[in-house]
Structure formats: C-alpha cells, structure tokens
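Q: just a sequence and a predicted model for now, questions to come.
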Amino acid sequence: MKKPSLKRTLTLLEVIIASTIFSLLILTVVVASDGVLATSSVVYNRTYVEMEAEKVLNLIKDEIGRTGESDDGGTPRMALDEAPADPGVEWSLVYTPLQNGGTVNWTQFGTGTPYDGLPWQGTRNVMRYELTDPMGQDANGTDDDGDYLVDEGRVVIYTDAGGGTPGAVIAVLGVELSTCQLTRVNLTDGRLPTYRISVSLERVLRHAVKTNADVAAINAGAGPRVRHTASMLAIAPN
Ligand SMILES: [Ca+2]
Ligand SMILES: [Ca+2]
C-alpha cells in the first residue's frame, strides 16, 4: 500500500531542512566575505601609510645628506627655522646642496673638522613643511579637501628667492602628511651635524564607518583609521 502522504511530508521536511542549511551557508559566506573585505581594506591602508611614510622620510634624508652646517661666506650652508616641539607646526630649512657630479674627499668625514672642500652648488634651496597649499588648504583645524585628514601638510623644495623666501617649486617630496618633524639632535663634539626626521601618515578605514557618530568622528579627523610614523637620523657631511 502506497503512503503518498508520508512521502510528501518527508519531502517537505527535507525541503525545510535543505533551505535552512542553504540559508545558513549563504549567511556564513556573507559574513566571511565582509570579514575578508574588512581585512583586505586594513592591510591595503596599512601598507600604503607605511610605504608612503618611509618614502617621504628617505627623500628628506637624502637632501639633508647633501648639505652641511659650516659657513658659506658667513652664512651657514644649512639653517633650520626650528619649530617648537609641536608636530602640527610648519618648519623651513634653507640649505646649499652639494653640486651634482662633484668630487668629495671622504677621508675628512667624521673628523669633527668642518670640511670646506666639498663641491657646493652656487644656489640655495628651501625645504618647507607647510600646512597651506595652492589648492586652498589651510591650518584652520578643518578638513578643507574632504579626505578626512585635518590640517595635513606637505613637504616641498623651492628655490631660495632670497633670505630663505620660497621661490619656484623644485620638487614635492610628500603630500597629505599628518605630521612631519625635523629637529636638530645635539650630540657630543666631533660628531657631524645630525637631524632627526619623523613622518606620520594616516588613512580612514571607510568600511568601518557605519554610524552617524562614525561619520562625525572622521570628519573631525578621528574615527577608525590606520596610522604609521617613520623616523630616522640623517647626518650632514659637514
Ligand atoms: Ca584634508
Ligand atoms: Ca585645514
């Protein structure tokens, strides 16, 4: 004797179980995908801020390594307009670069004696960390360009228009920097001039912005973000 009703009941039960399992699988995949995307975003942003901070740091270090502090006709070859110990403050470095292609007597390095035989360039440059730029950014406590970074700065090399006044732009070493500090390190006599450079970058984690409170936070320069600070000592050749 056939039992169609029992068979139909079992089939429905199977369908219900199968649907439930399928739904759970879909839910698992969705949750896992969200997790993978979030992880991927963190990895991408963290890698970016680390690589960019190190790159800018090395560009500044290379410039410091191509100038010095000994007199140049009464004017120090390198003069730092040193800002207070506030990471959000601009600074300016006026310097005479080494001449490209010149010959350097390396044996005098590290002797504590200023070496004036270095092949200096005839013109001076001005390296500046500045919170204002031609695109309308200003040190005003607000995010002027909508990238969730408040009062970010840039490092630019200019020609010296006279007395350390910036002239034409030679190169932009870094942009959207959260902080950039350049400070003179006082070491014992006999050491070459040494400067500490520090560069910080941060980026907002957009996937983690989920509430109005998060939006308000990132607009104010806070909220979910990754940050990296790179620092090192740079030594000038005299
Ligand atoms: Ca901004
Ligand atoms: Ca601003």
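A: Alright, I've got the coordinates. Ligands and ions are numbered 1, 2, ... in the order given.

Q: what sits against residue 45?
A: If a contact means Cβ atoms under 8 Å, 6 or more residues apart in numbering, then residue 45 has 203, 205, 225-226 as its contacts. For glycine as for every other residue, the C-beta is placed from the backbone atoms N, C-alpha and C.

Q: tell me the mean pLDDT over the top helix by length along the chain?
A: Using DSSP state H, we find that the single longest helix of the chain is helix 4-64. Mean pLDDT, helix 4-64: 86.

Q: what does stretch 120-137 give?
A: For stretch 120-137, mean pLDDT is 90.

Q: what residues sit buried inside it?
A: 120-121, 124-131, 133, 137 (16 or more other Cβ atoms under 10 Å).

Q: cool, stretch 40-59 as well?
A: Neighbour count says stretch 40-59 has 41, 45, 49, 52-53, 56-57, 59 buried, by 16+ other Cβ under 10 Å.

Q: and the buried residues of stretch 120-137 as TSV, adding secondary structure?
A: Below are those laid out as TSV (DSSP: H, G, I helix; E, B strand; the rest coil):
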residue	secondary structure
120	strand
121	coil
124	coil
125	strand
126	strand
127	strand
128	strand
129	strand
130	strand
131	coil
133	coil
137	coil
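
Q: ok, so of the residues you listed, who is nearest residue 190?
A: Within these, proximity to residue 190 (Cβ to Cβ) peaks at residue 120, which comes in at 22.5 Å.

Q: quick check: the closest one touching residue 100?
A: No: judged on Cβ atoms under 8 Å, residue 120 makes no contact with residue 100 at a distance of 11.2 Å.

Q: please, which helix or strand holds the residue nearest to residue 133 when sequence neighbours are not counted?
A: Excluding the flanking residues, the one nearest residue 133 by Cβ to Cβ, 6 or more residues apart in numbering is residue 154, at 6.0 Å. Assessed by DSSP states H and E, residue 154 sits inside strand 153-160.

Q: tell me the helices and strands packed up against that strand.
A: Applying 3 or more Cβ pairs under 8 Å, 6 or more residues apart in numbering; DSSP states H and E, we find strand 153-160 packed against helix 4-64, strand 125-130, strand 166-177, strand 179-185.

Q: can you say which of those is nearest to residue 145?
A: Nearest to residue 145 among the helices and strands packed on strand 153-160 is strand 166-177 (8.9 Å), distances taken as Cβ to Cβ.

Q: so the closest one versus strand 153-160, what angle?
A: Put simply, strand 166-177 runs at 170 degrees to strand 153-160, going by axes from the mean of the first three to the mean of the last three Cα atoms, to 10 degrees.

Q: burial measure for the residue nearest to residue 133, as a count.
A: For residue 154, the neighbour count with other Cβ atoms under 10 Å is 20.

Q: who does it bridge with?
A: Beta-bridge partners for residue 154, by DSSP bridges, are residue 130.

Q: and for the one 5 residues further on?
A: Note on residue 159: beta-bridge partners residue 125, judged by DSSP bridges.

Q: contact partners for it?
A: Listed by Cβ under 8 Å, 6+ apart, the contact set of residue 159 reads 123-126, 166-168, 170.

Q: okay, the residues you listed in CSV with distance to residue 93 next?
A: What follows is those, written out as CSV (distance: Cβ to Cβ, whole Å):
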residue, distance to residue 93
123, 15
124, 10
125, 8
126, 7
166, 11
167, 15
168, 17
170, 13
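
Q: ok, the closest residue to residue 41 other than its chain neighbours to residue 220 distance?
A: Spatial nearest neighbour of residue 41, excluding adjacent residues (Cβ to Cβ, 6+ apart): residue 207 at 4.8 Å. Distance, residue 207 to residue 220, by Cβ to Cβ, to the nearest Å: 19 Å.
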